[in-house]
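**Student:** my questions are about this predicted structure, shown below with the sequence.
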Amino acid sequence: MCYRPLGMPILRTSQQIRPREGKIRSSRKWRTTILLILNTYPTPLVPTMSLQDKLAELGLELPESPLTVAAYLPAIRIGNLVIVSGQLPLVNGKLEVNGPVPSKTSMEVAQKAAAQCVLNGLAALGTLIERDYSRLVGVIRVGVFVASDSNFNEQHLVANGASELLNKLLGEKGRHARTAVGVPCLPLGTPVEIEFMFEVA
């Protein structure tokens, strides 16, 4: 008596495994029918919203041109990377909030200021890509500086005002590495300053 080792497949002759002609024709018929159905009813493509469309949906807009408050460039490109200088929450060239968090600037106001820094940062990016934001590959890094009272330790929550807006506007492209740092004071008395690094095509 011969024993087949456990796991070894059973070998059959070519005559034993030869499929019937009728089964082949039936299989081909069903395959053709499925292909016809797929070609007749293709999977619909879901259009992606542009940055401008998303801004409009949120009731936001980018400033026409970012302003600098000293002798430096708003942004510089090195290869596929764009480094944006620290952005203040300027609106129409004016700083509407000032003072450290939370004694002079509340958490909510500071988060809104961080969101405004994002808009200004995207505008600075636009100067180097002809405002064609379809060339934006993704956000690499965000550095957030928060003017803080000595006992304040929730800078990361202020930074969320920037991070959450980037995620809303850009989806997966908006996910990034981040640093949130508390400092005694910032230029012009601003409560928040944010620098960015983007990847572009």
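**Tutor:** Yes, it's here.
**Student:** alpha carbons only for contacts and neighbour counts from here, please
**Tutor:** OK.
**Student:** which residue is nearest the centroid of the protein?
**Tutor:** By C-alpha atoms, centre = their mean, the chain has its centre lying nearest to Gly174, at 1.2 Å.
**Student:** give the contact list for that residue.
**Tutor:** Residues in contact with Gly174 (C-alpha atoms under 8 Å, 6 or more residues apart in numbering) are Gly138, Val139, Ser163, Leu166, Asn167, Lys168.
**Student:** then Arg178?
**Tutor:** Arg141, Val142, Gly143, Val144.
**Student:** closest to Glu154 among those?
**Tutor:** Val144 (12.0 Å; C-alpha to C-alpha).
**Student:** low-scoring stretches of the protein, by residue?
**Tutor:** 1-48 (pLDDT under 70).
**Student:** all strands of it, in order?
**Tutor:** Listed in chain order, the strands of the chain (DSSP state E) span 75-78, 81-87, 90-91, 94-95, 136-147, 177-183, 192-200.
**Student:** now tabulate those in JSON lines and tack on distance to Leu122.
**Tutor:** Putting the strands of the chain into JSON lines (distance: least, C-alpha to C-alpha, whole Å) gives the following:
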{"stretch": "strand 75-78", "distance to Leu122": "10"}
{"stretch": "strand 81-87", "distance to Leu122": "9"}
{"stretch": "strand 90-91", "distance to Leu122": "13"}
{"stretch": "strand 94-95", "distance to Leu122": "18"}
{"stretch": "strand 136-147", "distance to Leu122": "10"}
{"stretch": "strand 177-183", "distance to Leu122": "16"}
{"stretch": "strand 192-200", "distance to Leu122": "9"}
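**Student:** winner for burial among the ones you listed?
**Tutor:** strand 192-200 (a mean of 24; mean count of other C-alpha atoms under 10 Å).
**Student:** list the helices and strands that strand packs on?
**Tutor:** strand 81-87, helix 107-126, strand 136-147 (3 or more C-alpha pairs under 8 Å, 6 or more residues apart in numbering; DSSP states H and E).
**Student:** which strands or helices does the last one pack on?
**Tutor:** Translated: strand 136-147. helix 155-170, strand 177-183, strand 192-200.
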